[in-house]
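[1] Next input, structure requested:
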Amino acid sequence: MNVELVGLAVAMAAVTYPSRALPLLAPGLDRLPPRALEYLRLVGPAVLAALAASAVLVGRDAAARPTLTVGVELLGVAAAMVMVRWRQNLLLALVVAVGLVAVARAIGIG
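    Have a look, this model is predicted:
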């Protein structure tokens, strides 16, 4: 079992928890300035985008060094971004992206 990323997961949970818990802990959140509400609304998508980018673009070579990789996964992320913009539905976008990558791998691409 590989546990080297457990510390990173705990640290990220500690860093992102305040912004996720703020609506539960702060009565009157709707009275915040519009700029602050917009920031809080965009924290989740920004974190998701960062995780997707690092999972898709960073691979490992034979010596276990990080390398930049461009493959069919990048096409899946691009398709998900287009679907989110077009349909405003993250679940649909993720299903389309996963389906696209699965089909590409099934036919031997990527």
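[2] Sketch out the helices for the chain, chain order is fine.
    Here the chain has its helices, by DSSP state H, at 6-25, 34-57, 72-87, 90-106.
[3] As CSV, those with mean pLDDT would be great.
    CSV is the format used below for the helices of the chain (pLDDT from 0 to 100):
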stretch, mean pLDDT
helix 6-25, 82
helix 34-57, 83
helix 72-87, 90
helix 90-106, 93
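[4] Format the ones you listed as TSV; extra columns: distance to residue 64 and mean neighbour count.
    In short, each C-beta sits where N, CA and C put it, glycine included. Shown next, in TSV, are the helices of the chain (distance: least, Cβ to Cβ, whole Å; neighbours: other Cβ atoms under 10 Å):
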stretch	distance to residue 64	mean neighbour count
helix 6-25	17	11
helix 34-57	16	12
helix 72-87	19	16
helix 90-106	23	15
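[5] ok, so what distance separates residue 69 from residue 39?
    32 Å (Cβ to Cβ, to the nearest Å).
[6] what's residue 66 in contact with, if anything?
    Listed by Cβ atoms under 8 Å, 6 or more residues apart in numbering, the contact partners of residue 66 are 58, 59, 60.
[7] If you rank the residues you listed by neighbours, which is first?
    Comparing these by number of neighbours (other Cβ atoms under 10 Å), residue 59 comes first, having 14 neighbours.
[8] Quick check: closest non-adjacent residue to that residue.
    Leaving out its chain neighbours, the residue that sits closest to residue 59 by Cβ to Cβ, 6 or more residues apart in numbering is residue 69, at 3.7 Å.
[9] these two touch, right, that neighbour and residue 58?
    Yes. Look at residue 69 against residue 58 with Cβ atoms under 8 Å: they come within range, at 7.1 Å.
[10] who's in contact with the most centrally placed residue in the chain?
    Among the residues of the chain, the one closest to the centroid is residue 48, at 2.2 Å (Cα atoms, centre = their mean). Not one residue lies near residue 48 by Cβ under 8 Å, 6+ apart.
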